[in-house]
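Asks: With the sequence up front, the predicted model follows.
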Amino acid sequence: SIAFDGAAAEVLRPESGRPAADALAELRDEAAVALCAESLGIVRCLVETTREYLKVRKQFGRAIGSNQALQHRMVDCFLLQEEVRALTAAAQQALCTPAAERERIVSGARAYVIQAARRVCNEAVQMHGGLGVTDELDVSHYFRRLMVNATLFGQRDAHFTRFTDAALAV
């Protein structure tokens, strides 16, 4: 364990005399973008894992991936993956913009990414069937991580409200 008894405390001040609230808001946005990027990585893994599973899993003598309904669901997941990728890239670029624009773009991206990643994850769990919730399969671990990500640095509703407030202020 680490003990901090007798350690000197130092007040941390943002550079260039900015108010601490502004510095914390910027830091919160950077963390939100990092979570978007992590969610993108998880979504990519889920799409790839599920695609491969649909090729290998056989039922009634044929791969379940030959089922047109499952193919359409996988296409939806892929499109969500690409939307998450695009919004994450936009949020990363927005970190260099003025605060009002940064807030709007980052919170909009974060709200959408939370929802889209959850949908992809739910689809992956369903398409894997009972295996999708077992500890032996990565899908269940990704599912749990996305649930944690959705609660860090503002939940979906908080980011959506922040996005709409910033958009209406423009």
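Replies: Great, that's in hand. Numbers count the residues shown, from 1 in each chain.

Asks: How are the helices of the protein distributed by residue range?
Replies: Under the criterion DSSP state H, the chain contains helices at 20-56, 68-94, 99-127, 138-149, 156-169.

Asks: Next one: the nearest residue to Asp157 once chain neighbours are set aside from Gly132, what distance?
Replies: Leaving aside its chain neighbours, Asp157 sits nearest to Ala111 (8.0 Å; criterion: Cβ to Cβ, 6 or more residues apart in numbering). Placement of C-beta: from N, CA and C, glycine included. When distance is defined by Cβ to Cβ, to the nearest Å, Ala111 is 25 Å away from Gly132.

Asks: Equivalent analysis for Phe143, please.
Replies: 8 Å.

Asks: got any residues that touch both of those two?
Replies: Ala124, Val125 (Cβ atoms under 8 Å, 6 or more residues apart in numbering).

Asks: Now do the same contact list for Val170.
Replies: Ala100, Arg104.

Asks: What separation do you get for it and Arg144?
Replies: In terms of Cβ to Cβ, Val170 sits 37 Å off from Arg144.

Asks: Also Ala8?
Replies: Counting by Cβ to Cβ, the gap from Ala8 to Arg144 is 39 Å.

Asks: out of the two, which sits in the busier spot?
Replies: Using other Cβ atoms under 10 Å as the criterion, Ala8 and Arg144 rank with Arg144 on top: 12 against 5.

Asks: Quick one: residues contacting that one.
Replies: Counted by Cβ under 8 Å, 6+ apart, Arg144 has zero contacts.
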